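[1] below is the structure, and that's it, no one-letter string:
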């Protein structure tokens, strides 16, 4: 699918980006962010600040607006800063600065302090604005320094001095703004710092000795037991996002990192947790997400207007004919039935649109993707226009997952918007579903995926495709290759966030001129509707000692991994990185080659072209294609014989061996 999206032709209706820009630069949005925010033009002129900036630097907003950003930089760093700013303006991108750097800010009174900066470019119709989020990390630097010195001191001091060290370390922990909590393996709280008291409202004597589940909402009774179960297995949880309840009943969004506590002998006796309140950050993200939703709604408006005009046309014609029937005493039932069907069509479209645009809490439900896609296409078809054919191809009878229906609609709609932009002259948008079992071997080679049963949603288009540099960045927030003023770059970032939140994974396959396929893997929820979950089993297949395969794959890592999988089943593998070298190997190899296993889309000679040449010269060689694109998309774009098997990437060892066994049998 699109280059998130590639700079598109004017035929696609432009999104209402002024509204998005207005949201991002509004006082309501800027004031919701806890950091100092400074909006800067490409020449370094400050055009917007929030109240946190005034408090942090000691300036009033009127003293900063119109000034160069260097006013906030110590004088000795200003020449270097101007140079860096000019370089950044030539190629602006999202960038976080601070780790490993000694960045300083300068207050109005001339004092300096340690800072961390995140830069986010925002394209507007009249140029690019850079939003600089500035955070005072002086306390963090101080605590890091004290911890470092305390550790160094511990290494030097004798056993008798450990008590003093522990007291100092406890004081450092107590000064942290984050909640630092210790608990036993049954969840009983054993340690509670001031940061925890500030965030949750409980004093240490109110919470120590009680169970940590006191902080969890009543609708999440199993969360703490599940976390402690993982801790007992020695697992670590990093930046786990959840909800906690304060003493006064407020719900907070928190990001928690949890680690096992071990005795000197290695036995796990408890857990330590560091929690950060990210409620304000979540609120800001929701502003961005809602703004992105409304951008997609703007794209839908034209197509929906066309559908509603058709509905109104049916109703108008039927009422005219009813008037005639009433005068002649005829049967009006046919026309009243048509009016009712037209009203039902309009009501269905309205429900879909309202569900998509609603702003509410996420409510995961069990849904069947096959059924849900039929409803979502009511929004997709008018969005895509008459020159794009929408194809739904379920490859399984049911595909049950647990997800918020509105969020799933948003995923599909964002993918459709990007596909529409990638096909300015029309084409095909293909949605396919399938059930897949991923084994441990597959998960090990395709991290960070886990083994298990998944539902696959493949979204493909016949558009312009993307190069590898674009593919590597498409999920970055605000990254877009559209013209200035024609996109915010939030669509695919939203897709990635929703899929990741649902415990899923996204893989992208695209090359210029060959279209794009997004493969989204979401955990199967078939077992939650009463069906017995079965573990993926690998069918025992005969070893193929002495069978020779010519493997052609232009990705070096993929070539090596596939070669290992084949050799594990006894195959003799001849590896080639392109069509030209594959033909040379065929000419020079003294023995027989049984199977040609080749990628479809490669630089220079394509897989089908290679297969045609090799089979013409060696009729006994059996070709097998492999591709990250789906079979439906390959059939639409490539001249491939229907009797040539296609192995879709990413594939498991069992799938690879099975398709070859079928070919050789």
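    Received, thanks. Just so you know, these numbers come straight off a predicted model, no measurement behind them.
[2] excluding chain neighbours, what is closest to residue 502?
    Closest residue to residue 502 apart from its sequence neighbours, by Cβ to Cβ, 6 or more residues apart in numbering: residue 403 at 5.0 Å. Where C-beta positions appear, they are placed from N, C-alpha and C, glycine not excepted.
[3] how close does the residue nearest in space to the middle of the chain sit to residue 474?
    Closest to where the C-alpha atoms of the chain average out (Cα atoms, centre = their mean) is residue 496, at 1.3 Å. From residue 496 over to residue 474 the distance is 9 Å, taken as Cβ to Cβ, to the nearest Å.
[4] coming back round to it: per-residue confidence at the residue nearest to the centre of the chain?
    You'll see residue 496 listed with a pLDDT of 81.
[5] how about residue 530?
    pLDDT, residue 530: 58.
[6] tell me which stretches of the stretch 101-250 of the chain form helices.
    Assigned by DSSP state H, counting those that start in this stretch, the stretch 101-250 of the chain shows helices spanning 138-156, 162-174, 194-200, 204-207, 223-232.
[7] typo on my end, the stretch 251-400 of the chain
    Using DSSP H, counting those that start in this stretch, the helices of the stretch 251-400 of the chain run over residues 279-328, 333-357, 369-384.
[8] now the stretch 501-650 of the chain
    With DSSP H, counting those that start in this stretch as the criterion, the stretch 501-650 of the chain has helices at 556-567, 579-588, 607-617, 631-637.
[9] so which bits of the third one are buried?
    What that stands for is helix 607-617. If you call a residue buried by 16 or more other Cβ atoms under 10 Å, then helix 607-617 has these buried ones: 607, 608, 610, 611, 614, 615.
[10] before we move on, the earlier item: so what's the residue nearest to residue 502 bridging to?
    Here residue 403 shows beta-bridge partners residue 365, assigned using DSSP bridges.
[11] give me the neighbour count for it.
    27 (other Cβ atoms under 10 Å).
[12] who touches it in this structure?
    For residue 403, the contacting residues are 364, 365, 367, 498, 502, 522, by Cβ atoms under 8 Å, 6 or more residues apart in numbering.
[13] got any ranges where the stretch 101-250 of the chain has weak pLDDT?
    Along the stretch 101-250 of the chain, the model assigns pLDDT under 70 to residues 101, 154-173.
[14] quick one: which of the buried residues of helix 607-617 is nearest residue 218?
    residue 607 (56.2 Å; Cβ to Cβ).
[15] confidence score at residue 383?
    At residue 383, pLDDT is 74.
[16] give me the distance between the spatially closest residue to residue 522 that is not a sequence neighbour and residue 466.
    Nearest residue to residue 522, sequence neighbours excluded (Cβ to Cβ, 6+ apart): residue 504, at 4.0 Å. Per Cβ to Cβ, residue 504 is found 21 Å from residue 466.
[17] the two: which has the busier surroundings?
    Set residue 504 next to residue 466 and count neighbours by other Cβ under 10 Å: residue 466 wins out with 27 against 21.
[18] hang on, the more buried one packs against residue 516?
    Yes. Judged on Cβ atoms under 8 Å, residue 466 makes contact with residue 516 at a distance of 6.2 Å.
[19] can you give me the neighbour number for residue 259?
    Residue 259: 16 surrounding residues under other Cβ under 10 Å.
[20] start at 36 instead
    Understood, numbering begins at 36; the last thing we discussed is residue 294.
[21] contact partners for it?
    Neighbour list for residue 294: 271, 306, 307, 308 [criterion: Cβ under 8 Å, 6+ apart].
[22] did I read that right, residue 122 in a helix?
    Yes. Membership of residue 122 in a helix is supported by DSSP: H, G, I helix; E, B strand; the rest coil.
[23] what does the pLDDT read for it?
    Note for residue 122: predicted pLDDT of 83.
[24] how near is it to residue 115?
    The gap separating residue 122 from residue 115 is 11 Å, by Cβ to Cβ.
[25] ok, residue 76 next?
    Noted for residue 76: a distance of 20 Å to residue 115, by Cβ to Cβ.
[26] the more surrounded of the two?
    More crowded of residue 76 and residue 115, by other Cβ under 10 Å: residue 76, with 17 against 10.
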